[in-house]
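Trainee: Here is a sequence together with a model predicted from it:
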Amino acid sequence: MGQFQWQTKRIQPGQGGSAANGGVGNAAGSSFTRPGQMSQNVVALNELKFTLHQRLIEELDPNKLEGLGKDKAREAVEQAARTLIAQEMPGIVGTTRDELVSAVADEVLGLGPLEPLLRDDGISEVMVNAPDTIFYEKEGRLYLSSVRFRDDQHIMRIIERIVAPLGRRVDESSPMVDARLMDGSRVNVIIPPVAPKSPTVTIRKFRKDKMTINDLVATGALTNELAEFFRACVQGKLNILISGGTGSGKTTMLNALSSFIPDTERIVTIEDPTELQLQQGHVVTLEARPPSLEGRGEVTQRDLVRNSLRMRPDRIIVGEVRGAEAFDMLQAMNTGHEGSLGTVHANTPRDALARIENMVMMAGFELPVKAIREQMSSAIHVVIQIARFPDGTRKVTTVSEISGMEGQVVTMQDLFRFEQVGVDTDGRIMGELRTTGIRPRFAEKFEVSGIHLPPDLFAVAGF
Ligand SMILES: Nc1ncnc2c1ncn2[C@@H]1O[C@H](COP(=O)(O)OP(=O)(O)OP(=O)(O)O)[C@@H](O)[C@H]1O
Ligand SMILES: [Mg+2]
């Protein structure tokens, strides 16, 4: 204990602010506090955390901690930290001490500085760009957090903690990893040399209460009428592609739409990694797998789509179509597995088709472009385009029907479109999701199968 140095002068009780506790930052857009501007208190508190952590590592027996279970282990670490502080840093008391104790416990048992951000249910995404640059997303907006890592090694230690239990490795020779936290959150890690400035971590937090279609209507992502239309499309077994940019709400929309699938049907979901939470009783979840450290055992989404065809599925759901599985998915949709759903990363419905076409071509099938387009035009019925707007909201921007082929070109027509009319004083997007007045060709198919849409659904106001 003798060599332990506590820098009394650098931090006094009550000065720590909420730095140890994750505190909020400032909204993106207007003015971020630059990382270089972090207060001396934050630096001092970080140093204290580090020193305490080092001391606790020396004193605590990890084997004993492991046997204790989560809550008991935390209690033990907090107790040890309190004792250490009382002995060696008697000047630290009150909330500063409590925050320090909690931060050190996060360091010893959890993901260190990220823990407060992960615990906050309002935060949907956490992004570590550098030790002193950590952003998070709350209600669709980006904020710079006041939490800090000590240095690159500190980030690397936390990365190790994320990937090691999964039997994965991150180092110079494999500098990128996708992983999942215990709670289901999705993590991407990329480190130097391919991210030369700093180890970089992106966490999409797992949302326990997935948004339902009613929640989406309540946030203004779509209207009640459109929700009814989507219900008809899913129950009428149309093949639907949800298209959108990154973080635009594709998976959330897919999850919400899947609730319209009748409970009597057998659903096979294919994801990489799994995110969907279907409510039905008859669901088989399949998850792709990267190769092992020795480069063996890879199972691709394509392998899973092909396997799923032998599993008597009524519906196949591909979380995100991003590679060669596009081909098998089109085949499946064309051969009796109607009512399949998937998402694709694209900015317009037409772009979504171009992406699928590209995926099929890249997969090395020597098919003429026209043949691929014919496959697409008969397989996919509807493309739902969603987008994330600058105010943080997500909205359905277009719903397009694929109507056929004209020469070499797949023909599409928009059924619904979001029309922005302006921005209010708080920066919120104002606009309306309207029907274009075009009745889809499959409306008749609905009638025949006993699915009735409101007769004026496609009527344009004023006509
Ligand atoms: N209508 C909405 N209103 C508010 N938040 C939403 C809405 N839709 C989705 N979100 C939130 O946005 C985040 C991103 O959603 P989601 O994972 O569905 O996007 P994605 O398009 O699938 O992203 P990725 O491209 O990374 O797969 C999540 O935190 C989700 O809860
Ligand atoms: Mg997604």
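Mentor: Here it is on my side, so go on. Ligands and ions are numbered 1, 2, ... in the order given.

Trainee: Can you name the residues that contact the spatially closest residue to residue 318 that is not a sequence neighbour?
Mentor: Once flanking residues are discounted, residue 318 sits nearest to residue 342: 4.0 Å by C-beta to C-beta, 6 or more residues apart in numbering. Yep, even glycine has a C-beta here, placed from its N, CA and C like the rest. For residue 342, the contacting residues are 240-242, 254, 317-321, 329, by C-beta atoms under 8 Å, 6 or more residues apart in numbering.

Trainee: between the residues you listed, which is nearest residue 109?
Mentor: Within these, proximity to residue 109 (C-beta to C-beta) peaks at residue 319, which comes in at 31.3 Å.

Trainee: hang on, isn't that closest one packed against residue 344?
Mentor: No - the pair residue 319 / residue 344 is not scored as a contact, 10.6 Å apart, by C-beta atoms under 8 Å.

Trainee: Specify the next element, helix or strand, located C-terminal of the helix or strand harbouring the residue nearest to residue 318.
Mentor: In the assignment (DSSP states H and E), residue 342 maps to strand 341-345. Per DSSP H and E, the first helix or strand lying C-terminal to strand 341-345 is helix 349-362.

Trainee: what sits up against that next one?
Mentor: 241, 243, 321-324, 326-327, 330, 344-346, 367, 369, 372-373, 375-376, 380, 383, 385, 398, 400, 402, 410, 412, 414.

Trainee: what about the helices in the stretch 301-450 of the chain?
Mentor: 301-308, 325-334, 349-362, 369-379, 443-448 (DSSP state H, counting those that start in this stretch).

Trainee: tilt between the second one and helix 301-308?
Mentor: Read that as helix 325-334. Relative orientation of helix 325-334 versus helix 301-308 (axes from the mean of the first three to the mean of the last three C-alpha atoms, to 10 degrees): 30 degrees.

Trainee: before we move on, the earlier item: where's the residue nearest to residue 318 relative to residue 405, distance?
Mentor: Distance of residue 342 to residue 405, computed by C-beta to C-beta, to the nearest Å: 21 Å.

Trainee: can you tell me which residues contact residue 257?
Mentor: For residue 257, the contact set (C-beta under 8 Å, 6+ apart) comprises 213, 230, 234, 240, 242, 341.

Trainee: Then residue 233?
Mentor: Counting by C-beta under 8 Å, 6+ apart, residue 233 touches 240, 381-382.

Trainee: out of everything not next to it in sequence, what's closest to the residue nearest the centre of the chain?
Mentor: The residue lying closest to the centre of the chain (C-alpha atoms, centre = their mean) is residue 204, at 4.0 Å. Distances taken as C-beta to C-beta, 6+ apart place residue 186 nearest to residue 204, at 4.3 Å, with adjacent residues excluded.

Trainee: Likewise for residue 298?
Mentor: residue 291 (4.0 Å).

Trainee: Need the per-residue pLDDT for that neighbour.
Mentor: Note for residue 291: predicted pLDDT of 83.

Trainee: what do you get for residue 1?
Mentor: With respect to pLDDT, residue 1 scores 38.

Trainee: follow-up on the earlier one: same list, the contacts of residue 233, but as TSV with pLDDT please.
Mentor: TSV is the format used below for the contacts of residue 233 (pLDDT from 0 to 100):
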residue	pLDDT
240	98
381	97
382	98
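
Trainee: of all those, which comes closest to residue 69?
Mentor: Once C-beta to C-beta is applied, the member of the contacts of residue 233 that ends up nearest residue 69 is residue 240, at 44.4 Å.
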